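Q: Predicted structure and sequence below. I'll ask about it afterward.
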Amino acid sequence: MANAPTLKNSSAQPPQYSYHVEPTVDPDHRAEKFLAAFAAILRHSNYRFILDLFARTSARCGRCAASCQVYQASNEPRDIPCHRTHLLLDVYRQYFTTRGEFLSRVLGQDSLSNGKIDEIAECFYRCLACRRCSIDCPIGIDHGLMTHLGRYILSEAGIAPKGLVVSVREQLEGASGNTSAIPLPALLDNLEFLQDELRDMKGAAVNFPVDQEDAEYIFLPAVSDYLMEADTLMGNAAVLHAAGTSWTIGSKYFDGINYGLFYNDWILERIIHKLAGEAHRLKAKKILIGECGHAARTARQFLPAFAGEQSLPVVSILELTWQAIQQGKLKLSPTTITERVTYHDPCNIARSGWIVDQPRHLLRSFVSDFVEMNPHGRENYCCGGGSGLVSLDETYEFRMKVSGKTKAEQIRASGAQIVATPCANCKKQLRELMDFYKLPVQVVGVHDLVLRAIEF
């Protein structure tokens with residue numbers, strides 16, 4: 001540990017880490033395109049109401065700075081949530097309110113410049129959209145929502161990270177139809193392999209059903225789990241088998257990921273329709289989301305909004321597993337997990353209070369040495385890769401040295417040997433953090449531990 005990078009802030013001013021979000025079209029007309037996109041979104045959505053409300057405030061008190069882990073690590077004013085929010089609100093006041101338009105003509109205010117758009121893009125893609133700051137805002141401004149809207153406008157103006165754009169293009173228009181570009185034959189081969197692994201490991205005939213109609217659940221994990229999180233998937237299947245639940249994976253669409261949440265509403269809506277369409281094709285009763293924070297949140301929050309009559313109840317695998325334990329359907333050995341375990345709350349399912357207690361009850365039912373990080377639950381710190389940043393290679397240095405620094409400190413202070421978290425993005429970010437800071441901590445999914453402990 002002597003050579004590990006330090007985790008503590010020094011008295012010197014920390015270095016500034018930046019990355020630039022490149023415009024994809026018309027780089028010389030960024031301001032005009034931004035304003036045109038802003039106007040179109042106001043015309044065809046209901047964002048104007050919330051902008052009118054927030055624009056009537058002058059909330060620059062800075063209390064949100066104390067909640068923001070990015071600002072805590074960087075000490076840069078641009079990372080204070082209310083500063084970032086007012087970059088967008090100032091544009092709205094000047095160009096889209098009667099008073100602002102009048103004052104601009106009378107006072108001759110400067111026009112929005114391409115340089116200002118670059119500043120807006122930089123600031124909005126430094127935000128984790130974790131919404132922790134919303135807990136402490138004295139007048140209830142949702143800075144996370146403002147980040148969401150700001151990125152939506154930027155993307156419609158042709159300014160968005162290529163990593164997100166390429167992934168959703170493959171999901172919506174590519175031959176594979178998923179963000180990891182997994183062909184269906186490869187998926188089916190992998191499912192057969194996992195079935196054999198479970199049989200050898202646990203001595204049980206646990207299947208991964210595909211295209212079974214009239215099942216209670218259609219199962220949608222983060223599609224990357226099929227490539228990278230075999231133990232998580234086997235743990236999911238083992239629970240569903242032990243609980244006697246009918247479920248299926250769809251062959252036409254099997255990706256729970258919805259990167260539209262991170263940068264564009266109409267992309268988000270199109271992905272929601274794909275998910276709903278597959279559920280109805282197979283006549284499923286409910287939608288079961290695997291270990292993925294943003295996949296669970298987008299399905300639960302936006303299916304009712306975008307799918308209308310095709311909307312179905314959304315259940316997290318964590319809810320189903322805890323219910324199965326309460327009903328006595330799962331037998332988990334209390335002696336298998338001997339390491340000290342802590343739990344990281346994914347922001348997308350914890351901040352609203354939806355999935356907070358269930359995973360803790362679940363883990364405590366068979367983990368003898370469970371410890372909490374503080375703060376935790378609704379007030380947890382983000383992994384540092386939220387809002388899609390973990391999917392962007394160009395953000396690595398920023399995620400390690402700035403946005404993830406507080407989480408690394410938390411994990412080291414816990415003394416845990418294992419961090420369990422039910423989110424594909426969180427697992428990737430935390431594993432990179434542990435490597436970067438040379439912390440001897442294993443990062444796993446909750447159902448990785450369930451798989452180790454389950455007895456048939």
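A: It's in.

Q: Pull up the gap between Ala73 and Phe208, please.
A: Per Cβ to Cβ, to the nearest Å, Ala73 is found 42 Å from Phe208. For every residue, glycine as well, the C-beta is placed using N, CA and C.

Q: And the two? Which one has more around it.
A: Between Ala73 and Phe208, counted using other Cβ atoms under 10 Å, the more crowded position is Phe208 (24 against 21).

Q: which element is that one on?
A: Using DSSP states H and E, no element contains Phe208; it sits outside every helix and strand.

Q: Contact partners for it?
A: By Cβ atoms under 8 Å, 6 or more residues apart in numbering, the contact set of Phe208 is 191, 194-195, 233, 237, 249.

Q: farthest-separated two in those residues?
A: Gln195 and Ile249 (12.2 Å; Cβ to Cβ).

Q: of those two, who's got more company?
A: Higher neighbour count among Gln195 and Ile249: Ile249, with 24 against 16, using other Cβ under 10 Å.

Q: list the contacts for that one?
A: Here Ile249 is in contact with 191, 208-211, 218-219 (criterion: Cβ under 8 Å, 6+ apart).

Q: Could you identify the most distant pair in these?
A: Greatest spacing in the contacts of Ile249, by Cβ to Cβ: Leu191 and Ile218 (14.8 Å).

Q: So the two - more neighbours on which side?
A: Ile218 (26 against 19).

Q: Quick check: that one is in a helix.
A: No. Looking at Ile218 with DSSP: H, G, I helix; E, B strand; the rest coil, it is strand, so not inside a helix.

Q: gap between the closest residue to it other than its chain neighbours and Arg270?
A: Nearest residue to Ile218, sequence neighbours excluded (Cβ to Cβ, 6 or more residues apart in numbering): Ala284, at 3.8 Å. Shown here: Ala284 relative to Arg270, a distance of 20 Å by Cβ to Cβ.

Q: Give me the more crowded residue out of these two.
A: Per other Cβ under 10 Å, whichever of Ala284 and Arg270 has more neighbours is Ala284, with 23 against 17.

Q: Go ahead and confirm Cys347 touches Cys133.
A: No. If you go by Cβ atoms under 8 Å, Cys347 and Cys133 don't touch, sitting 11.5 Å apart.

Q: For the helix or strand that contains Val450, give me every contacting residue.
A: In this assignment (DSSP H and E), Val450 forms part of helix 446-453. Outside helix 446-453, the residues that touch it by Cβ under 8 Å, 6+ apart are 201, 229, 231-232, 234-236, 238-239, 291, 317-318, 321, 330, 332-334, 336-337, 341, 343, 359, 362-363, 366-367, 418, 420-422.

Q: and that helix, C-alpha only, in PDB?
A: What follows is helix 446-453, C-alpha atoms only, in PDB (Å, rounded to 0.1, in the frame of the first residue of the first chain):
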ATOM      1  CA  VAL A 446     -25.400  -9.000  -4.800                       C
ATOM      2  CA  HIS A 447     -26.400 -12.200  -6.600                       C
ATOM      3  CA  ASP A 448     -22.800 -13.200  -7.000                       C
ATOM      4  CA  LEU A 449     -22.800 -13.700  -3.200                       C
ATOM      5  CA  VAL A 450     -26.300 -15.300  -3.300                       C
ATOM      6  CA  LEU A 451     -24.900 -17.800  -5.900                       C
ATOM      7  CA  ARG A 452     -22.100 -18.800  -3.500                       C
ATOM      8  CA  ALA A 453     -24.400 -19.300  -0.600                       C
END
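
Q: can you give me the offset of that helix from its chain's centre?
A: Averaging C-alpha positions (Cα atoms, centre = their mean, to the nearest Å) puts helix 446-453 22 Å from its chain's average.

Q: Can you point out the buried residues in the helix or strand of the chain with the lowest mean pLDDT?
A: The weakest-scoring helix or strand in the chain, judged by mean pLDDT, DSSP states H and E, is helix 98-107 (a mean of 77). Neighbour counts over helix 98-107 (16 or more other Cβ atoms under 10 Å) mark Gly100 as buried.

Q: before we move on, what about stretch 416-435?
A: 416, 418-430, 432-434.

Q: before we move on, what about stretch 277-285?
A: Neighbour-count burial for stretch 277-285 [16+ other Cβ under 10 Å]: 278-279, 282, 284.

Q: How far away from the center of its chain is that stretch?
A: That offset, for stretch 277-285, works out to 25 Å (Cα atoms, centre = their mean).

Q: And that stretch, end to end?
A: One end of stretch 277-285 sits 13 Å from the other (Cα to Cα, to the nearest Å).

Q: Let's test this: mean pLDDT of that stretch, rounded?
A: Averaged across stretch 277-285, the pLDDT comes to 98.

Q: what sits up against it?
A: 211-218, 248, 250, 252-254, 287, 310, 312-313.

Q: Now, of the residues you listed, which are buried?
A: Among these, the ones that count as buried by 16+ other Cβ under 10 Å are 212, 215, 217-218, 248, 250, 253-254, 287, 312.

Q: Make TSV out of those and add distance to Arg151 and secondary structure.
A: Compiled in TSV, those are given as follows (distance: Cβ to Cβ, whole Å; DSSP: H, G, I helix; E, B strand; the rest coil):
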residue	distance to Arg151	secondary structure
Gln212	38	coil
Ala215	36	coil
Tyr217	32	strand
Ile218	29	strand
Thr248	34	strand
Gly250	29	coil
Tyr253	25	coil
Phe254	27	coil
Ile287	26	strand
Leu312	28	coil
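
Q: Tell me the one of the residues you listed nearest Met400?
A: Looking across those and measuring by Cβ to Cβ, the closest to Met400 is Phe254, at 31.7 Å.

Q: Please name the residues that touch the closest one.
A: Phe254 makes contact with 178, 187, 220, 223, 226, 278, according to Cβ under 8 Å, 6+ apart.

Q: What is the most widely separated pair among those?
A: The widest separation within those (Cβ to Cβ) is 15.7 Å, between Tyr226 and Glu278.

Q: Grab the most central residue of the chain for me.
A: Centroid check for the chain by Cα atoms, centre = their mean gives His294 as the closest residue, at 3.8 Å.

Q: Surely that residue is in contact with Leu261?
A: Yes. Using Cβ under 8 Å, His294 makes contact with Leu261 at a distance of 5.5 Å.

Q: State the distance from the residue lying closest to Thr321 once chain neighbours are set aside to Pro375.
A: For Thr321, ignoring the flanking residues on the chain, the nearest one in space by Cβ to Cβ, 6+ apart is Val239 at 5.0 Å. Here Val239 is placed at a distance of 29 Å from Pro375 (Cβ to Cβ).

Q: what about the two, which has more around it?
A: Val239 (23 against 14).

Q: In what element of secondary structure is the more buried one found?
A: Using DSSP H and E, the element containing Val239 is helix 230-242.

Q: Show me what that helix packs onto, helices and strands only.
A: Other helices and strands packing on helix 230-242, by 3 or more Cβ pairs under 8 Å, 6 or more residues apart in numbering; DSSP states H and E, are helix 184-202, strand 217-220, helix 225-228, helix 317-326, helix 446-453.

Q: what about it, distance to the chain center?
A: With Cα atoms, centre = their mean as the basis, helix 230-242 stands 22 Å off its chain's centre.
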